[in-house]
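S.K.: Give me the fold of what follows.
(one chain, ligands or ions: 1)
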Amino acid sequence: MWDALKTYAGTIADRRIDSLFDDPDRAGGFSTRMGDMLFDYSKTQLDDTARKMLLDVARAAGVEAARDAMFAGAPINDTEGRAVLHTALRNLDGGPVTVEGEDVMPGVLDTLARMEAFATAVRDGSFAGQGGQITDVVNIGIGGSDLGPAMATLALAPYHDGPRCHFVSNVDGAHIADTVRGLDPATTLVIVASKTFTTIETMTNARTARAWMSDTVTDPAAQFAALSSAEDKTAEFGIDPSRVFGFEDWVGGRYSMWGPIGLSLMIAVGPDAFRAMLRGAQAMDRHFRSADLAENMPVMLALVGMWHNQVMDYATRAVLPYDQRLSRLPAYLQQLEMESNGKGVARDGTTLPYHSGPVVWGEPGTNGQHAFYQLIHQGTRVIPCEFMVAAQGHEPELQHHHNLLVANCLAQSEALMRGRTLDEARAKVAGKFDGDELERQARHRVFPGNRPSTTLVYPQLTPEIFGQIVALYEHRVFVEGVILGINSFDQWGVELGKELATALGPVVTGEEGTDGKDGSTAQLVDYILARR
Ligand SMILES: O=P(O)(O)OC[C@H]1O[C@H](O)[C@H](O)[C@@H](O)[C@@H]1O
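M.R.: Modelled structure (predicted):
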């Protein structure tokens, strides 16, 4: 499938990206808009021919039909026999969505209303702890039950007017210990977020939180809420059904922040801002469903990604938000993209004949500039960069900060594309050095340039825009998964490690020996046991 594109890429390999701007329409022609958001992919090697070929690949892969099947509630997660309907969680006024003949929207909207009533009660004090109004919320969850609400709560900090929110995920006792230190158990609400309610990290942290609380309050369970699709297990844990917010198995963990898993965010920012985020995501859903593929932002984001990964063989992609409040977005996208599309077999179980998803990584700008951008600019591997920046911040009194932020973001993509020639580098050092030393010094200052990047610009990181951005990436992952021919909605690759960890439990305590373990594992166990 990629051969024709690879051949074509070979024919344009010597072309400089900046030469494409000889066409005065280059920027506008290689950008898409959705609402007031602009995705500019003109600083890449993509040209009309390549784009057309990629769009043909998307059409041949049946992206439109697959998309419609997802929205229609078909069981497209076919290793688990489940529909994939996180979009129903934000289908605020979109009409019925049926799964196996049943409209799921009444249940979704009812749960949303219950969440809103509870969040409001926590925020206004009508639900209180045993020591008074809730001052702190501790969300205990991991993976999709942590990254979404944690990332979103930080992203929407300017809208945060509810209790403080904390997120505990790691089974490392340091995480819960450091988080609860200084909190008052009598005014803390603990939210146990786990789709399955079996995840060892979350259940261990939840029990530790309950013990911490029971030292101070008489009825710790009264200050617990649960977000789960396993309501029998939440009852076993002792959480009253009135504070259990359920969801169905058609909400994948990494797609779940739009529903009950977003409760801590809703308590932080309030139901109105939460709904605004849902509306933003719903607007992106509508765009994804209706826009022509060439104008479809998630589709083009996906195709640019596949051009870099599958065609050009660039193994990683950097996500670089010039937005401090999106500093957890790269971590969120690591789960979203790599857990969804990091697969080695096609839907039919055959070995994938090409690479699946790339390594996704990143940090906010400008911080990254002072750390790893050296490699991005001058390293021997090309790393496509996905920049994002808001036209406006939330601190009008600090406009000069925002101007510097924007200037830096735009400068980086310009520098990556333009680079610096040896002649330009010589001019930089002329006068300081001469002869061979001038040449040597100049060569260190050459930037190859011609390095691709895209830039997503948005007016301001409001709840609506934030919802649009996250839904944009969700659909991008979907499109890439369809074209790769894989199931983006299971995650069998996380199972083996869990099984082996369970088996190693009694070994690391010394209750069982290391017989049958490989030499390395045995050595590591011996080392640890000898130091306890
Ligand atoms: O919400 P939970 O059932 O506790 O699952 C938490 C996480 O753990 C699993 O191992 C999966 O890899 C993730 O997709 C999931 O989000």
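S.K.: What strand or helix carries the nearest residue to F127 once chain neighbours are set aside?
M.R.: Distance criterion Cβ to Cβ, 6 or more residues apart in numbering; nearest residue to F127, sequence neighbours excluded, is A121 at 3.8 Å. Backbone N, C-alpha and C define where each C-beta goes, glycine included. For A121, the host element (DSSP states H and E) is helix 105-124.
S.K.: what's the burial count for the residue nearest to F127?
M.R.: Residues contacting A121 under the criterion other Cβ atoms under 10 Å number 14.
S.K.: pLDDT (mean, whole number) over the helix holding A121?
M.R.: Computed over helix 105-124, the mean pLDDT rounds to 98.
S.K.: Stretch 53-64 now?
M.R.: When the per-residue pLDDT values of stretch 53-64 are averaged, the result is 98.
S.K.: What lies in contact with it?
M.R.: Around stretch 53-64, the neighbours that count as contacts under Cβ atoms under 8 Å, 6 or more residues apart in numbering are 1, 4-5, 8, 46, 293-294, 299, 302-303, 306-307, 479, 482-483, 485.
S.K.: by contact count, what packs against the longest helix seen in the chain?
M.R.: Identified as the longest helix of the chain according to DSSP state H is helix 463-484. With contacts defined as 3 or more Cβ pairs under 8 Å, 6 or more residues apart in numbering; DSSP states H and E, helix 463-484 has these neighbours: strand 37-40, helix 48-60, helix 63-71, helix 147-155, helix 271-290, helix 297-306, helix 340-341, strand 453-458.
S.K.: Show me where the stretch 101-250 of the chain dips below the pLDDT cut-off.
M.R.: Within the stretch 101-250 of the chain, no range satisfies pLDDT under 70.
S.K.: and what of the stretch 351-500 of the chain?
M.R.: Looking at the stretch 351-500 of the chain by pLDDT under 70, you get an empty list.
S.K.: For the ligand, what's the nearest residue on it?
M.R.: Here the residue of the stretch 351-500 of the chain nearest the ligand is V494; by Cβ to the nearest ligand atom that distance is 4.0 Å.
S.K.: picking that back up, so which of the helices and strands packed on helix 463-484 gets nearest the ligand?
M.R.: Taking Cβ to the nearest ligand atom as the criterion, the ligand comes closest to helix 147-155 out of the helices and strands packed on helix 463-484, the separation being 8.0 Å.
S.K.: what angle sits between the helix or strand hosting M417 and strand 453-458?
M.R.: Element membership for M417, per DSSP H and E: helix 399-418. On the basis of axes from the mean of the first three to the mean of the last three Cα atoms, to 10 degrees, helix 399-418 is oriented at 150 degrees to strand 453-458.
S.K.: So which elements touch helix 399-418?
M.R.: With contacts defined as 3+ Cβ pairs under 8 Å, 6+ apart, the secondary structure elements packing on helix 399-418 are strand 316-322, helix 373-378, strand 385-390, strand 453-458.
S.K.: Specify the angle between the last one and helix 463-484 in degrees.
M.R.: Here strand 453-458 points in a direction 140 degrees away from that of helix 463-484 (the same axes, to 10 degrees).
S.K.: contacting residues around strand 453-458?
M.R.: Residues external to strand 453-458 that are found in contact with it (Cβ under 8 Å, 6+ apart): 36-41, 43-44, 301, 304, 384-391, 409-410, 412-413, 416-417, 465, 468-469, 472.
S.K.: same check, this time on the first one
M.R.: For strand 316-322, the surrounding residues in contact (Cβ under 8 Å, 6+ apart) are 305, 308-309, 327, 329-330, 333, 358-366, 368, 376, 381, 383-389, 405-406, 408-409, 412.
S.K.: re the thing from before, CA atoms of the very next helix or strand once past the longest helix of the chain as CSV?
M.R.: Reading on from helix 463-484 to the C-terminus, the next helix or strand found by DSSP H and E is helix 495-508. These are the backbone C-alpha positions of helix 495-508, laid out as CSV (Å, rounded to 0.1, in the frame of the first residue of the first chain):
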residue,chain,number,x,y,z
GLU,A,495,-1.4,-8.0,29.6
LEU,A,496,1.8,-10.0,29.7
GLY,A,497,3.6,-7.6,32.0
LYS,A,498,0.6,-7.7,34.4
GLU,A,499,0.6,-11.5,34.5
LEU,A,500,4.3,-11.7,35.2
ALA,A,501,4.1,-9.0,37.9
THR,A,502,1.4,-11.0,39.6
ALA,A,503,3.6,-14.1,39.5
LEU,A,504,6.6,-12.1,40.8
GLY,A,505,4.6,-10.8,43.7
PRO,A,506,5.6,-13.6,46.1
VAL,A,507,9.1,-13.8,44.6
VAL,A,508,10.0,-10.2,45.5
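S.K.: just checking, what packs against helix 495-508?
M.R.: Using 3+ Cβ pairs under 8 Å, 6+ apart as the contact definition, the elements that helix 495-508 packs against are helix 200-214, helix 519-530.
S.K.: Quick one: those helices as TSV, columns for distance to the ligand and mean neighbour count too.
M.R.: Output for the helices and strands packed on helix 495-508, formatted as TSV (distance: least, Cβ to the nearest ligand atom, whole Å; neighbours: other Cβ atoms under 10 Å):
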stretch	distance to the ligand	mean neighbour count
helix 200-214	5	19
helix 519-530	22	12
